[in-house]
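# Take this sequence and fold it.
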Amino acid sequence: MASRTASSDAAPVVPPTSPSQDLPALYRVVLDGVSALEGRGERVTAAAIRREAIAAYSAAWDDRHRAVLTSLVGRVRRELDRAADRVSATSDRTPRRRFERRQRPAGTKAPSPGSLAASSDRPGPFADPIRVRWPA
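Numbers count the residues shown, from 1 in each chain. Now for the predicted structure:
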């Protein structure tokens, strides 16, 4: 029976990547998440995350700022999950109409643009909205 050495059981060592290779990708992921948050109406949260991401990305590209961007990726995911939960909780309710559509009474026609301009009650040189008449 052959015995294995400790070095053969260990996982191969992968050299760590430099922050200059990771930061652009992390920054892009954060900005994509910020865009998704804005699309869901979470503009205040998105703006705060964007400010932190810009500060980390524009500072020194080191391990500390890589950790900041990595934590922002996690924060964006949590906020997107929260926003999705809020949407699913409110989708159970009957949607409200923001604006009621007004309907014309039966048998009436829409006024023509010319009749609106001719019936203007505004006195003075601005009585006709199409032509401005200046006093001579």
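# Can you list the buried residues in the biggest helix by length in the chain?
Counting residues, the longest helix found in the chain (DSSP state H) is helix 63-90. For helix 63-90, a neighbour-count test (16 or more other C-beta atoms under 10 Å) marks His65, Arg66, Val68, Leu69, Thr70, Leu72, Val73, Arg75, Val76, Glu79, Leu80, Ala83 as buried. The way it works is simple: take the backbone N, C-alpha and C, and place the C-beta from them, glycine included.
# quick one, what contacts the fifth one?
Contacts for Thr70 were tallied using C-beta atoms under 8 Å, 6 or more residues apart in numbering; they are Leu26.
# what's the pLDDT at it?
Thr70 is assigned a pLDDT of 95 by the prediction.
# again, but for the first one
According to the predicted model, the pLDDT of His65 comes to 94.
# wait, which of the buried residues of helix 63-90 is closest to Val30?
Leu72 (4.9 Å; C-beta to C-beta).
# I'd guessed that closest one sits against Ala56; true?
Yes: with contact defined as C-beta atoms under 8 Å, Leu72 reaches Ala56; the gap is 7.2 Å.
# just for this structure, where's the confidence low?
The model of the chain has pLDDT under 70 over residues 1-11, 14-15, 90-105, 110-136.
# So which residues lie in contact with stretch 36-51, not counting its own?
The contact list for stretch 36-51 (C-beta under 8 Å, 6+ apart) reads 30-31, 33-35, 72, 75-76, 79-80, 83-84, 87.
# next one: stretch 80-90
Stretch 80-90 is contacted by residues Gly33, Ala36, Leu37, Arg40, Gly41, Glu42 when judged by C-beta under 8 Å, 6+ apart.
# Need the max-distance pair from those residues.
Maximum distance among these (C-beta to C-beta): 14.5 Å, for Gly33 and Gly41.
# out of the two, which sits in the more crowded spot?
When Gly33 is set against Gly41 and neighbours are counted by other C-beta atoms under 10 Å, the residue ahead is Gly33, at 22 against 12.
# got a list of what the more buried one touches?
With C-beta under 8 Å, 6+ apart, Gly33 has these contacts: Ile49, Val73, Val76, Arg77, Glu79, Leu80.
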